[in-house]
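Engineer: below: sequence and its predicted model.
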Number of protein chains: 12
Amino acid sequence: MYGNDRIYKKVEIIGVAAGSIEAAIETALVKAQTSLDKLSWFEVQEIRGHIGPDGKVAEYQVVLKVSFELKG
Amino acid sequence: MYGNDRIYKKVEIIGVAAGSIEAAIETALVKAQTSLDKLSWFEVQEIRGHIGPDGKVAEYQVVLKVSFELKG
Amino acid sequence: MYGNDRIYKKVEIIGVAAGSIEAAIETALVKAQTSLDKLSWFEVQEIRGHIGPDGKVAEYQVVLKVSFELKG
Amino acid sequence: MYGNDRIYKKVEIIGVAAGSIEAAIETALVKAQTSLDKLSWFEVQEIRGHIGPDGKVAEYQVVLKVSFELKG
Amino acid sequence: MYGNDRIYKKVEIIGVAAGSIEAAIETALVKAQTSLDKLSWFEVQEIRGHIGPDGKVAEYQVVLKVSFELKG
Amino acid sequence: MYGNDRIYKKVEIIGVAAGSIEAAIETALVKAQTSLDKLSWFEVQEIRGHIGPDGKVAEYQVVLKVSFELKG
Amino acid sequence: MYGNDRIYKKVEIIGVAAGSIEAAIETALVKAQTSLDKLSWFEVQEIRGHIGPDGKVAEYQVVLKVSFELKG
Amino acid sequence: MYGNDRIYKKVEIIGVAAGSIEAAIETALVKAQTSLDKLSWFEVQEIRGHIGPDGKVAEYQVVLKVSFELKG
Amino acid sequence: MYGNDRIYKKVEIIGVAAGSIEAAIETALVKAQTSLDKLSWFEVQEIRGHIGPDGKVAEYQVVLKVSFELKG
Amino acid sequence: MYGNDRIYKKVEIIGVAAGSIEAAIETALVKAQTSLDKLSWFEVQEIRGHIGPDGKVAEYQVVLKVSFELKG
Amino acid sequence: MYGNDRIYKKVEIIGVAAGSIEAAIETALVKAQTSLDKLSWFEVQEIRGHIGPDGKVAEYQVVLKVSFELKG
Amino acid sequence: MYGNDRIYKKVEIIGVAAGSIEAAIETALVKAQTSLDKLSWFEVQEIRGHIGPDGKVAEYQVVLKVSFELKG
């Protein structure tokens, strides 16, 4: 496969989930599937979150870049 | 609302207007609305501009990331 | 043209080609044309590549941002 | 004054206002005064904002570092 | 709420815990509560850790910025 | 014009003015004209300012890169 | 111990594991031990991953810098 | 000590002294002691200075982050 | 030569040429010679370009820093 | 292969060659092979060069990170 | 003085000296005076150096930005 | 020498010494010599330090990249 001309697109998304950083990443990937092509890899850009009234993490927000091949 | 699984998309756009940095941002948001979903927030990435023959700012060019929720 | 309100979109793509950095850029531009509007300019974000079993560059992978005007 | 031993503290604050970037900066400075010492200078770190239901800027949020001398 | 003049403060803290990155974040938030106002959100700046004599992670150290509204 | 060999120079300047960020940029451009060639575009590098004894912005200081073609 | 002349070396490695970010870090540390001296601490540089045909995370890839004292 | 839950705070200060970079760092640390808890370590963020009418360094200004444990 | 007090100046220029990245660099160096002292080395800051109506690279624009010794 | 625990090492090298950026990259890869394991991929960190007495590029110097799997 | 319209220029220079980082900075400032206007302040961008055949520092090379007011 | 194909390696080390930043750099270079080839130049990446119980600098820790030619 290496060596053939091809092109990928990178799209920036934010996954949000209550449980963990990994849960936020999985949420992003599952939901991105309905509107994007088959994803190949991801890169974490930022990890942030909201803090609830009890002072604990209410949710993790993970900014990702996801990439997929543009078939022509 | 916090704590529910959800996903946002970030898109990079450049707004251009003659009057001020804020005018360039407003231009970007108004025009982006015709092709993107309801926008939630923006982040300024770069502020630049073109200089006219009179040596004054001919236009401000503001690079923004705008984000909106992807409903599934 | 300068001074008129307008908006551009920036999209991140990766061009891949065996021969050179310029070939990878050209591949990205040619293939991007089938799914994006008329492109105006590009900015190189990253230059990377895969190394073949012979220890030579098997392909160049160039991450680009390409920009085009959003007509309204 | 230059050449004398002294120390400054830098604190990071976010000013929010509806009208303009400058209004958000002024809001931050005025309100910071009630809890911080006399401020000497500021540096803008980030410019962002919230977008209202009408698709316009609902408010500007400007992240600043403000500095002041620690008298001792 | 959006559109009203207000100010937030960002403070940089490091949470340390043995079990996971999330545990280090939760430790930071719980302990920060005794000396800071009600926190609204956090941003991860750095993830690092100490390695024990057995070559495993002895603890995770997560550098965070936490933000809270300054009521005036 | 595109496609012809040519060269531009980028110079870093700081414009200072009391009223607004845009005023500081305009000040820089007007004054730079007496010692530099005809300027083509600018890029904002940093926005900072001095705070007066009344706790308000005494002046905006905007660090810019300005570019112009070197005719040969 | 502080205050004595000494030297550390930093090496960049990538740990890969299917389960979680922490699993990828632990994999890197365990495997690095066979070829490097006793490690003291690590710093996460990048978090990325591969996405499987089912659209879920197939593996986490964590780029780390690990440091150890060079005994002389 | 490693492995116990704990929290540190990072504060940004600027030390100023005429003689050398090290003198500016020492000034910052000595003066910070009167208003901050027992400091553990520092990280240099920026080195700058003022130039006197004789064209020599009038003072060094070193921006530092200093860290200390928050006992709870 | 090493060890003698001396001073270099760094200047930022942009070379433009149609053929390749290397052609744009060479253009910059050749044209810079008419207005700058004998150049010693260069560092690439940015690689960008304009895209023609045919969707191909119309020209490469390479931002460089070039350095030369200031003889006194 | 994806999903199996494994580890890679990243090493920073500089390739130097007279002809082109690609020639400098190939030089680095060929020469690195005599002292490093089988390389998998590379990432360009910096592109720089020396300028000869004739004002032309005497050589390209390309700083790369190269990566290879550490077999255990 | 604050609040008056004015403009500064920033120039990048490299000072080289054998003895110390401060000596390299002083060398840069003294020599820059013969070709630049009265300097106001400096910012250190990079600290590097050459290593002699005896394995010790042969010289420090400090990259600085120096700033001065452009009188009109 | 310029223009010949060759390759350098960059290694990241941390020098620690009590007296000054320069002492930490010299410590790193002297000790690195026992395990690395003849070093050509260094670049400072970070300056940090430990603070003793008396509130003074107990030691400087300087992170360096050192480079040397890989002879083939």
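Structural biologist: Yes, it's here. Numbers count the residues shown, from 1 in each chain, chains lettered A, B, ... in the order given.
Engineer: helix or strand right after whichever strand or helix holds A:Val16?
Structural biologist: Per DSSP states H and E: A:Val16 is located in strand A:6-17. Using DSSP H and E, the helix or strand that follows strand A:6-17 in sequence is helix A:21-32.
Engineer: what is that next one packed up against?
Structural biologist: Using 3 or more Cβ pairs under 8 Å, 6 or more residues apart in numbering or on different chains; DSSP states H and E, the elements in contact with helix A:21-32 are strand A:6-17, strand A:41-51, strand A:57-69, strand B:6-17, strand G:57-69. To be clear about C-beta, it is placed using only N, CA and C from the backbone, and glycine gets the same treatment.
Engineer: nearest to H:Arg6, out of those?
Structural biologist: strand A:57-69 (18.3 Å; Cβ to Cβ).
Engineer: in the closest one, what counts as buried?
Structural biologist: Under the neighbour-count criterion of 16 or more other Cβ atoms under 10 Å in any protein chain shown, strand A:57-69 has A:Val57, A:Ala58, A:Glu59, A:Tyr60, A:Gln61, A:Val62, A:Val63, A:Leu64, A:Lys65, A:Val66, A:Ser67, A:Phe68 buried.
Engineer: do you know how far the third one is from A:Ile21?
Structural biologist: Spelled out, that is A:Glu59. 11 Å (Cβ to Cβ, to the nearest Å).
Engineer: for the closest residue to A:Gly49 other than its chain neighbours, which residues make a bridge with it?
Structural biologist: Excluding the flanking residues, the one nearest A:Gly49 by Cβ to Cβ, 6 or more residues apart in numbering or on different chains is A:Tyr60, at 4.7 Å. Note on A:Tyr60: beta-bridge partners by DSSP bridges are A:Ala17, A:Gly49.
Engineer: low-confidence ranges, chain A, go.
Structural biologist: Within chain A, the segments meeting pLDDT under 70 span A:72.
Engineer: re the thing from before, hang on, the residue nearest to A:Gly49 packs against A:Thr27?
Structural biologist: No - counting by Cβ atoms under 8 Å, A:Tyr60 does not reach A:Thr27; the two are 9.3 Å apart.
Engineer: quick check: neighbours shared by those two?
Structural biologist: A:Val16, A:Ala17 (Cβ atoms under 8 Å, 6 or more residues apart in numbering or on different chains).
Engineer: if we can go back for a sec, I'd like to know which of the helices and strands packed on helix A:21-32 is closest to F:Ala17.
Structural biologist: strand B:6-17 (20.3 Å).
Engineer: how about that closest one: buried residues?
Structural biologist: So for strand B:6-17, counting by 16+ other Cβ under 10 Å, buried means B:Arg6, B:Ile7, B:Tyr8, B:Lys9, B:Lys10, B:Val11, B:Glu12, B:Ile13, B:Ile14, B:Gly15, B:Val16, B:Ala17.
Engineer: touching, the last one and B:Tyr60? I think so.
Structural biologist: Yes - under the criterion of Cβ under 8 Å, B:Ala17 is in contact with B:Tyr60, at a separation of 6.1 Å.
Engineer: quick one, the strand holding A:Val16 and strand C:41-51 angle?
Structural biologist: Orientation check (axes from the mean of the first three to the mean of the last three Cα atoms, to 10 degrees): strand A:6-17 against strand C:41-51 gives 100 degrees.
Engineer: report all helices and strands that strand A:6-17 contacts.
Structural biologist: Strand A:6-17 packs on helix A:21-32, strand A:57-69, strand B:6-17, strand C:6-17, helix C:21-32, going by 3+ Cβ pairs under 8 Å, 6+ apart.
Engineer: now chain A against chain G: closest residue?
Structural biologist: Using Cβ to the nearest Cβ, the closest approach of chain A to chain G is made by A:Val44 at 4.0 Å.
Engineer: find the residue closest to that residue in space, skipping its chain neighbours.
Structural biologist: G:Ile47 (4.0 Å).
Engineer: now A:Ala32
Structural biologist: With Cβ to Cβ, 6+ apart, the residue lying closest to A:Ala32 is A:Ile13, at 5.6 Å.
Engineer: give the bridge partners for that neighbour, please.
Structural biologist: The partner list for A:Ile13 in beta bridges (DSSP bridges) reads A:Leu64, B:Lys9.
Engineer: picking up where we left off before, will you turn the helices and strands packed on helix A:21-32 into CSV that also has distance to A:Thr34?
Structural biologist: Below are those laid out as CSV (distance: least, Cβ to Cβ, whole Å):
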stretch, distance to A:Thr34
strand A:6-17, 12
strand A:41-51, 16
strand A:57-69, 13
strand B:6-17, 10
strand G:57-69, 17
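Engineer: nearest to I:Thr34, of these?
Structural biologist: Comparing the helices and strands packed on helix A:21-32 under Cβ to Cβ, the one sitting nearest is strand B:6-17, at 34.4 Å.
Engineer: tell me how far that closest one lies from the chain's centre.
Structural biologist: Offset of strand B:6-17 from its chain centre (Cα atoms, centre = their mean, to the nearest Å): 6 Å.
Engineer: go on, stretch A:57-68?
Structural biologist: 5 Å.
Engineer: ok, stretch A:34-49 next?
Structural biologist: 2 Å.
Engineer: mind listing what's buried along it?
Structural biologist: Buried residues in stretch A:34-49 (16+ other Cβ under 10 Å): A:Leu36, A:Leu39, A:Trp41, A:Phe42, A:Glu43, A:Val44, A:Ile47, A:Arg48, A:Gly49.
Engineer: so the third one bridges to which residues?
Structural biologist: A:Trp41 has the following beta-bridge partners by DSSP bridges: A:Ser67, G:His50.
Engineer: the closest residue to A:Gly55 other than its chain neighbours and chain F, how far apart?
Structural biologist: Leaving aside its chain neighbours, A:Gly55 sits nearest to E:Gln33 (4.8 Å; criterion: Cβ to Cβ, 6+ apart). For E:Gln33, the distance to chain F equals 30 Å [Cβ to the nearest Cβ, to the nearest Å].
Engineer: and E:Gln33, how close does it get to chain D?
Structural biologist: Taking Cβ to the nearest Cβ, one finds E:Gln33 at 19 Å from chain D.
Engineer: swap in A:Val44?
Structural biologist: Taking Cβ to the nearest Cβ, one finds A:Val44 at 20 Å from chain D.
Engineer: cool, and A:Asn4?
Structural biologist: In terms of Cβ to the nearest Cβ, A:Asn4 sits 41 Å off from chain D.
Engineer: doesn't C:Gly15 make contact with that residue?
Structural biologist: No - between A:Asn4 and C:Gly15 there is no contact under Cβ under 8 Å: 12.0 Å.
Engineer: show me what contacts the residue nearest to A:Val44?
Structural biologist: If you count contacts by Cβ under 8 Å, 6+ apart, then G:Ile47 has A:Glu43, A:Val44, G:Ile21, G:Tyr60, G:Gln61, G:Val62, G:Val63 around it.
Engineer: identify the residues contacting the second one.
Structural biologist: Applying Cβ under 8 Å, 6+ apart to A:Val44 gives the contacts A:Ile25, A:Val62, A:Val63, A:Leu64, G:Glu46, G:Ile47, G:Arg48.
Engineer: doesn't A:Leu39 fall inside a strand?
Structural biologist: No - the assignment for A:Leu39 (DSSP: H, G, I helix; E, B strand; the rest coil) gives coil, which keeps it out of a strand.
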